[in-house]
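Visitor: coords please:
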Amino acid sequence: MKDTLFISYSRRETPFVSRFFKKLRKAGYETWLDFHYLVPAKRWKEHIAQAIEDQQVFLLVVSAESIKSENAEYEWQRAVELKKRIVLIIFEAVELPAELQNCEWIDFRTSLRRGMKKLVAQLEYPAVQSTPPPQSGFRAPLTVWLVFAVSLLTSVLSLFAFWSIYFPYHLFPLPYRILKRNFVFFEVQGALLLLPLMTILSLLFVDELIMENSTTYNFIFGAAILSFFVAPLMLLLIRLPGMKRWGKPMASAPIFAQSYRPSADVGVEPMRVMLDFAVEDRRYARAITRQLKRYGHHIEKDESSAEIIIVLISSFKKTTTYSPEKHIIFPVLLQSIEDIDSKLSPIQWVDFRRGLRNLRYFCMLLPNPTKMLSALGIVPMGRQVVLPPVIQILSYFLVLSIGLMVGGTGLSVIALGVLLESSTEVVTVVSMIVTMLASVFLTMSARKALLSRQGQLATFRNFALSLVGLVSLWIVQFLIVAVATPIGWEEELLIDLSFADKLNHAAGLIQSVLAAIVLMGLTVCFILSLWHWKDLYRWMPRKVKRSRVDDIC
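Guide: Residues are numbered from 1 along each chain as shown. The predicted structure is shown next:
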């Protein structure tokens, strides 16, 4: 009979641990992992202590964070006190406490498959290891080195979009950040999606200034074409299973709760349910309340009469006054947050960050907390950014707007500055800079409000007004450039122009193209917003008086 296992780890290594846990289960091992077994209404520390005592082998996932973690230290010290068999799972080689330096160990730094094979052999046929566990040295899986190599090329290509600032900021240091495991997946994904467009725009600008078939032109043309292959390849590579296991939560592609598909005739036992939520999240609360009532559940306003408390977690509410050791609490994650309440973090959370798509299954499984968390739960992952699709697209559009505004205005200002001869041209340049700064400030404020759901622009009306203001500034910018660059568009008129005039003409062309791209992007965002209006409606908070909270449900 195979040994039963307990896994101790740091939440920074959750992407690796989730996959490691599944491999152990597939190999036939009964494995205890906190967020799969910690159910509400039970003291979690006592539950963990009992679990360590009940399992035969203690597995400690060794990393810099787990060795510093107070919770992990409590767990391995408890295992030492109980004289449990301890096996170190080396995810990172770090200096170990004296109590752990003579433990069995398996190196998982280069390959999960080989590590699993060695671990299974060690568990079934224990052997004395002649060497102590590694406490220094850097190793990474082959997948990571492959992604690192491609990221070097991506880093170089990002320099061709230097005028946008955003793309080299996120992509140029990407090789280093991959090895450090701390790039922001959400931002890198957005930069890769838009990189080919940025390099083509760079080529368009250069095309107006440099003769075709010249060495410089051919080099930039090759880089633009290459970006259409490298960017999609990089997008695919950072989503590989090996990269999901390697990165910290913020650097890992999101892992979503599995979709539960019950049969249509599933009987639902009515429960007495109370919702604990912030006023700003009442649109989510209303939608959840309606669905709960549809399945026969009763909504209570007092915890003394409620069997289950559903806590809606967002940037407006990161904790609850109710204790998970006294009540059956379901933390429902509406948006990604960093500073998770320590009393809620050991519990598996229901993941509604991408919208309420699994809400009816949530209502069906409410009477069965263990099955509920098994089917729809997910461990909270700190800085990992997950958004409803329509919000994610809007955020990428705003990033594109910032890059185009800064780059386009910068090129135009340089072009006009070369020809600066009169006070009128000085006024034109100053006007362009002012509109650029206003656009950047407005766009950054709108994006910050969109992602955090906080601030003056985080309402339907104000966010819509910010988009109207952004379009207005683009129109003003375009008109300024159109007046300042009266050069014709016919190719034959450009042959005998000076370099300064060519630069001026190129600036006008680029500004026109950028304005067209922004308007097309805004049209696409508007259509998607109409299509997914419910997600957008719930996401945008609406300020109300606290006295109206009791009337929401």
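Visitor: Which parts of the stretch 201-350 of the chain are helices?
Guide: Remark: helices assigned in the stretch 201-350 of the chain by DSSP state H, counting those that start in this stretch are 215-237, 241-246, 282-294.
Visitor: list the helices and strands the second one packs on?
Guide: Same thing as helix 241-246. helix 14-26, helix 142-158 (3 or more C-beta pairs under 8 Å, 6 or more residues apart in numbering; DSSP states H and E). Quick note: C-beta positions are derived from backbone N, CA and C, even for glycine.
Visitor: The helices of the stretch 201-350 of the chain: which one's closest to residue 104?
Guide: Judged by C-beta to C-beta, the one of the helices of the stretch 201-350 of the chain that comes nearest to residue 104 is helix 241-246, at 21.8 Å.
Visitor: gap between the closest one and the chain center?
Guide: 15 Å (C-alpha atoms, centre = their mean, to the nearest Å).
Visitor: Then stretch 85-104?
Guide: Distance, centroid of stretch 85-104 to centroid of chain: 31 Å (C-alpha atoms, centre = their mean).
Visitor: Confidence-wise, which of the helices and strands packed on helix 241-246 is weakest overall?
Guide: Lowest mean pLDDT within the helices and strands packed on helix 241-246: helix 14-26, at a mean of 91.
Visitor: Go ahead and produce PDB holding the CA coordinates of that one.
Guide: What follows is helix 14-26, C-alpha atoms only, in PDB (Å, rounded to 0.1, in the frame of the first residue of the first chain):
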ATOM      1  CA  THR A  14       1.400  27.600  -6.200                       C
ATOM      2  CA  PRO A  15       1.600  27.100 -10.000                       C
ATOM      3  CA  PHE A  16       4.200  24.400  -9.500                       C
ATOM      4  CA  VAL A  17       2.500  22.800  -6.500                       C
ATOM      5  CA  SER A  18      -0.900  22.600  -8.300                       C
ATOM      6  CA  ARG A  19       0.700  20.500 -11.100                       C
ATOM      7  CA  PHE A  20       2.900  18.500  -8.700                       C
ATOM      8  CA  PHE A  21      -0.200  17.600  -6.600                       C
ATOM      9  CA  LYS A  22      -2.100  16.400  -9.800                       C
ATOM     10  CA  LYS A  23       1.000  14.200 -10.700                       C
ATOM     11  CA  LEU A  24       1.000  12.600  -7.300                       C
ATOM     12  CA  ARG A  25      -2.700  11.900  -7.400                       C
ATOM     13  CA  LYS A  26      -2.300  10.400 -10.900                       C
END
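Visitor: Show me what it is packed against.
Guide: strand 5-8, strand 31-32, strand 57-62, helix 112-124, helix 241-246.
Visitor: Which among the ones you listed is found nearest to residue 152?
Guide: helix 241-246 (15.7 Å).
Visitor: Over to the residue nearest the centre of the chain: give its phi and psi.
Guide: Taking C-alpha atoms, centre = their mean, the centroid of the chain lies closest to residue 385, which sits 2.5 Å from it. For residue 385, the backbone dihedrals are phi -100, psi 120 (criterion: degrees, to the nearest 10).
Visitor: hmm, back to that, Serialize the helices and strands packed on helix 241-246 to a markdown table and add fields for distance to residue 130 and mean neighbour count.
Guide: Formatted as a markdown table, the helices and strands packed on helix 241-246 follow (distance: least, C-beta to C-beta, whole Å; neighbours: other C-beta atoms under 10 Å):
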| stretch | distance to residue 130 | mean neighbour count |
| --- | --- | --- |
| helix 14-26 | 25 | 19 |
| helix 142-158 | 27 | 18 |
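Visitor: export those to a markdown table and tack on distance to residue 394?
Guide: Output for these, formatted as a markdown table (distance: least, C-beta to C-beta, whole Å):
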| stretch | distance to residue 394 |
| --- | --- |
| helix 14-26 | 27 |
| helix 142-158 | 23 |
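Visitor: Test my guess that residue 391 contacts residue 540.
Guide: No: counting by C-beta atoms under 8 Å, no contact exists between residue 391 and residue 540, whose distance comes to 9.3 Å.
Visitor: Let me see the domain layout of this structure.
Guide: The chain breaks down by automatic domain parsing into domains covering 5-124, 142-251, 272-380, 389-539.
Visitor: looking at the ones you listed, which has the lowest confidence?
Guide: Across those, domain 389-539 gives the lowest mean pLDDT, at a mean of 77.
Visitor: could you measure the nearest residue to residue 305 once chain neighbours are set aside against residue 121, distance?
Guide: Using C-beta to C-beta, 6 or more residues apart in numbering and skipping residues adjacent in sequence, the residue nearest residue 305 is residue 272, 6.0 Å away. Residue 272 sits 51 Å away from residue 121, going by C-beta to C-beta, to the nearest Å.
Visitor: who are the neighbours in contact with the spatially closest residue to residue 206 that is not a sequence neighbour?
Guide: Once flanking residues are discounted, residue 206 sits nearest to residue 220: 5.2 Å by C-beta to C-beta, 6+ apart. By C-beta atoms under 8 Å, 6 or more residues apart in numbering, residue 220 lies in contact with 160, 202, 203, 206.
Visitor: Likewise for residue 133?
Guide: 62, 88, 90, 93, 96, 100, 101, 103, 105.
Visitor: Could you double-check that the second one sits in contact with residue 104?
Guide: Yes: with the criterion set as C-beta under 8 Å, residue 88 and residue 104 qualify as a contacting pair; they are 6.9 Å apart.
Visitor: Which one of those two is surrounded by more residues?
Guide: residue 88 (22 against 18; other C-beta atoms under 10 Å).
Visitor: Give me the three-state assignment for that one.
Guide: strand (DSSP: H, G, I helix; E, B strand; the rest coil).
Visitor: So what sits opposite it in the bridge?
Guide: Beta bridges link residue 88 to residue 60, residue 105, judged by DSSP bridges.
Visitor: quick one: it and residue 66, what's the gap?
Guide: Applying C-beta to C-beta to residue 88 and residue 66 gives a distance of 10 Å.
Visitor: what is in contact with these two at once?
Guide: Counting by C-beta under 8 Å, 6+ apart, the residues touching both residue 88 and residue 66 are residue 60.
Visitor: Name the nearest residue to residue 19, sequence neighbours excluded.
Guide: residue 245 (5.2 Å).
Visitor: surely that neighbour meets residue 14?
Guide: No: using C-beta under 8 Å, residue 245 is not in contact with residue 14, being 10.1 Å away.
Visitor: Of the helices and strands packed on helix 241-246, which is nearest residue 114?
Guide: helix 142-158 (10.9 Å).
Visitor: elements contacting the closest one?
Guide: Going by 3+ C-beta pairs under 8 Å, 6+ apart, helix 142-158 lies up against helix 166-171, helix 174-180, helix 185-207, helix 215-237, helix 241-246.
Visitor: Could you tell me the angle between the fourth one and helix 142-158?
Guide: Same thing as helix 215-237. Relative orientation of helix 215-237 versus helix 142-158 (axes from the mean of the first three to the mean of the last three C-alpha atoms, to 10 degrees): 150 degrees.
Visitor: quick one, helix 215-237 and helix 185-207 angle?
Guide: Going by the same axes, to 10 degrees, helix 215-237 makes 160 degrees with helix 185-207.
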